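Asks: this one's sequence-less:
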């Protein structure tokens, strides 16, 4: 019987072998198992392994074959181990393609013209892919000028019905109301001076201009900017002002005014120190939150309670992050998905197949698990597209070198952070793409686009990082350089 079980194991192993190696290798393994089994029998170990069980050891049933074998369970792992050892890779020499060779045929030059259109063969490739996608997802490194410029060209090619961004819903709603306003810049500067860090990313001029561009390229008169993320660190003051503007009852109104006073004190401390964790959205205690939630439940308006829910969920995410809990990423991913689905289902009531552009940090746009071990928004949209029999296109945008703006503290200027991608150990595996950037940049930046779809399901020798990228994104855009974006002042 051991012989039969081993042969069955070998047969299943042979099905997993690469084509071209199965025949002779399986015969070799069969011979090894027969020799091994024969030696067991000659050594009279059969009775040791399959001797009648004592005490309460249960029988082992081989499902589907009507075979019952009674044995001591302590020997079962040894038998399984012996059989599984024979299923290990035979060490046959690899016949896979070299990644550098495969990349050459999958890579094309791309430009963004002075009129804002995608150009060159890579631009045409990207435009064709955009035209056939209902959802286009851009994964980026934040705070550059170049990614918004590229994204505006994507909007021009796509004509989206809505544009989803990495900002809170109330922040995005405010910007949405300014998209066609002639004094949009002045209004943004005024808000930022009064309430620093009240919104993420949309408070930088290039991102704000991008939202306005997408609105102008849309063919939907009801185009809207969707904020899917938590509200930003400095948002408490504007959220409380919006609550106070509602027609709340006296109990809720008094609680809102008390919270606003606590917020003013917290903001003054944060402004003097530059420490954003002192802001009320982050520093509010559980008692502070309860002192606001309970009165709102008594006589607050539905809108005030909805704002409070966003306040509470945003605070929860920041507090988990400060505690270095991985749950911060899980809760945030869930919030992104729920906000997206709420907006999407509402838009479907008026638009049969709404086309949505999403632009987030690259970790959020992966198909499958991202680098934070989360099934994030990108995976959710990919699965949604699959069940609705449509298409999502996932594009990662990165640059070989340059500077990116970084958070410099509350009510402080942004910091410019230089980088050379090939010098960063976590990204050194991207060097083959960096090396394909055109040496002559001419009058404008010329990047390359890698069609990652062409690298799938082939015997290409690639690292685990490359494999993750190839199946997690569809296109990789490598630009020669990033320059820092600037905040409204």
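Replies: That came through, no problem. These figures come from a predicted structure and were not determined experimentally.

Asks: what's around the closest residue to residue 322 other than its chain neighbours, how many residues?
Replies: Setting aside the residues directly before and after it, residue 322 is nearest to residue 277 in space (C-beta to C-beta, 6 or more residues apart in numbering), at 6.7 Å. Glycine gets a C-beta too; all of them are placed from N, C-alpha and C. The tally of other residues near residue 277 (other C-beta atoms under 10 Å) stands at 15.

Asks: Quick check: pLDDT value at residue 277.
Replies: Here, the pLDDT recorded for residue 277 equals 96.

Asks: and it, what is it in contact with?
Replies: 270, 283, 322 (C-beta atoms under 8 Å, 6 or more residues apart in numbering).

Asks: Now do the strands in the stretch 101-250 of the chain.
Replies: Taking DSSP state E, counting those that start in this stretch as the test, the strands found in the stretch 101-250 of the chain are 107-112, 118-119, 135-140, 162-165, 224-227.

Asks: average model confidence for the second one?
Replies: Spelled out, that is strand 118-119. 95.

Asks: Stretch 196-205 too?
Replies: On average, stretch 196-205 scores 96.

Asks: now swap in stretch 427-438 and tell me
Replies: Here the average pLDDT along stretch 427-438 is 95.

Asks: try stretch 404-416
Replies: Averaged over stretch 404-416, pLDDT sits at 92.

Asks: Strand 135-140 and the lengthiest strand in the chain, what's the angle between them?
Replies: In the chain, taking DSSP state E as the definition, the longest strand is strand 392-399. Angle of strand 392-399 versus strand 135-140, following axes from the mean of the first three to the mean of the last three C-alpha atoms, to 10 degrees, is 20 degrees.

Asks: re earlier: dump the strands of the stretch 101-250 of the chain to CSV, plus distance to residue 125.
Replies: Converted to CSV, the strands of the stretch 101-250 of the chain look like this (distance: least, C-beta to C-beta, whole Å):
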stretch, distance to residue 125
strand 107-112, 6
strand 118-119, 9
strand 135-140, 14
strand 162-165, 23
strand 224-227, 28
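
Asks: Dump those to JSON lines, plus mean neighbour count and distance to residue 412.
Replies: Formatted as JSON lines, those follow (neighbours: other C-beta atoms under 10 Å; distance: least, C-beta to C-beta, whole Å):
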{"stretch": "strand 107-112", "mean neighbour count": "21", "distance to residue 412": "32"}
{"stretch": "strand 118-119", "mean neighbour count": "20", "distance to residue 412": "36"}
{"stretch": "strand 135-140", "mean neighbour count": "25", "distance to residue 412": "23"}
{"stretch": "strand 162-165", "mean neighbour count": "26", "distance to residue 412": "23"}
{"stretch": "strand 224-227", "mean neighbour count": "23", "distance to residue 412": "24"}
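
Asks: Next, count neighbours for residue 313.
Replies: 18.

Asks: from what I can see it touches residue 230, true?
Replies: Yes - the pair residue 313 and residue 230 passes the contact test of C-beta atoms under 8 Å, sitting 6.3 Å apart.

Asks: where do the contact lists of those two overlap?
Replies: With C-beta under 8 Å, 6+ apart, residue 313 and residue 230 have common neighbours residue 335.

Asks: returning to that earlier point: roughly how far apart are the residue nearest to residue 322 and residue 482?
Replies: Computed as C-beta to C-beta, to the nearest Å, the residue 277 to residue 482 distance reads 28 Å.

Asks: got it, and residue 260?
Replies: 39 Å.

Asks: So the two - more neighbours on which side?
Replies: Neighbour count, other C-beta under 10 Å: between residue 260 and residue 482, residue 482 has more, with 25 against 17.

Asks: Pick out whichever of the contacts of residue 277 sits closest to residue 478.
Replies: Relative to residue 478, the closest of these is residue 322; by C-beta to C-beta it sits at 34.5 Å.

Asks: so how far is residue 278 from that closest one?
Replies: Distance of residue 322 to residue 278, computed by C-beta to C-beta: 12 Å.

Asks: Which one's more surrounded, the two?
Replies: residue 278 (19 against 11).

Asks: tell me the phi and psi of the more buried one?
Replies: Main-chain torsions, residue 278, degrees, to the nearest 10: phi -80, psi -10.

Asks: How many residues are close by the residue nearest to it when sequence neighbours are not counted?
Replies: When the adjacent residues along the chain are set aside, residue 278 lies closest to residue 270, with 4.1 Å between them (C-beta to C-beta, 6+ apart). Other residues near residue 270 come to 24 when the count uses other C-beta under 10 Å.

Asks: and what of the one 10 residues further on?
Replies: Each residue near residue 280 was counted by other C-beta under 10 Å, and the total is 26.

Asks: got a pLDDT number for it?
Replies: Looking at residue 280, the pLDDT reads 98.

Asks: Thought residue 267 was touching it, still the case?
Replies: Yes - the criterion here is C-beta under 8 Å, and residue 280 meets it with residue 267 at 7.0 Å.

Asks: Now residue 149. Nearest residue, chain neighbours left out?
Replies: For residue 149, ignoring the flanking residues on the chain, the nearest one in space by C-beta to C-beta, 6+ apart is residue 112 at 5.8 Å.

Asks: Contacts only, for that neighbour.
Replies: 118-119, 123, 149-150, 153, 444-445.

Asks: Nearest to residue 363 among those?
Replies: Nearest to residue 363 among the contacts of residue 112, with distances taken as C-beta to C-beta, is residue 150, at 18.7 Å.

Asks: roughly how far apart are the closest one and residue 96?
Replies: Distance from residue 150 to residue 96, counting by C-beta to C-beta: 33 Å.

Asks: Could you check which of the two has the larger neighbour count?
Replies: The residue with more neighbours, out of residue 150 and residue 96, is residue 150; 25 against 12, by other C-beta under 10 Å.

Asks: Mind pulling up the pLDDT for the more buried one?
Replies: The score at residue 150 is 97. That number is its pLDDT.

Asks: Would you check how far apart it and residue 223 are?
Replies: Using C-beta to C-beta, residue 150 is found at 20 Å from residue 223.

Asks: From residue 404, how far out is the most centrally placed residue in the chain?
Replies: Nearest to the geometric centre of the chain sits residue 364, at 1.9 Å (C-alpha atoms, centre = their mean). Using C-beta to C-beta, we find residue 364 at a distance of 17 Å from residue 404.

Asks: One more: residue 250?
Replies: For residue 250, the distance to residue 404 - C-beta to C-beta - is 49 Å.

Asks: Comparing those two, which residue is more hemmed in?
Replies: residue 404 (21 against 10).

Asks: so how far is the strand or helix carrying the more buried one off the chain centroid?
Replies: Using DSSP states H and E, residue 404 sits within strand 401-406. How far strand 401-406 lies from its chain's middle: 21 Å, per C-alpha atoms, centre = their mean, to the nearest Å.

Asks: list the helices and strands it packs on?
Replies: strand 415-420 (3 or more C-beta pairs under 8 Å, 6 or more residues apart in numbering; DSSP states H and E).

Asks: Relative to residue 320, how far out is residue 478?
Replies: 34 Å.

Asks: The two: which has the busier surroundings?
Replies: Using other C-beta under 10 Å, the more surrounded residue of residue 478 and residue 320 is residue 478, with 21 against 17.

Asks: any idea of the pLDDT on that one?
Replies: According to the prediction, residue 478 has pLDDT 98.

Asks: which regions of the stretch 51-200 of the chain lie under the pLDDT threshold?
Replies: In the predicted model of the stretch 51-200 of the chain, residues 51-95 satisfy pLDDT under 70.
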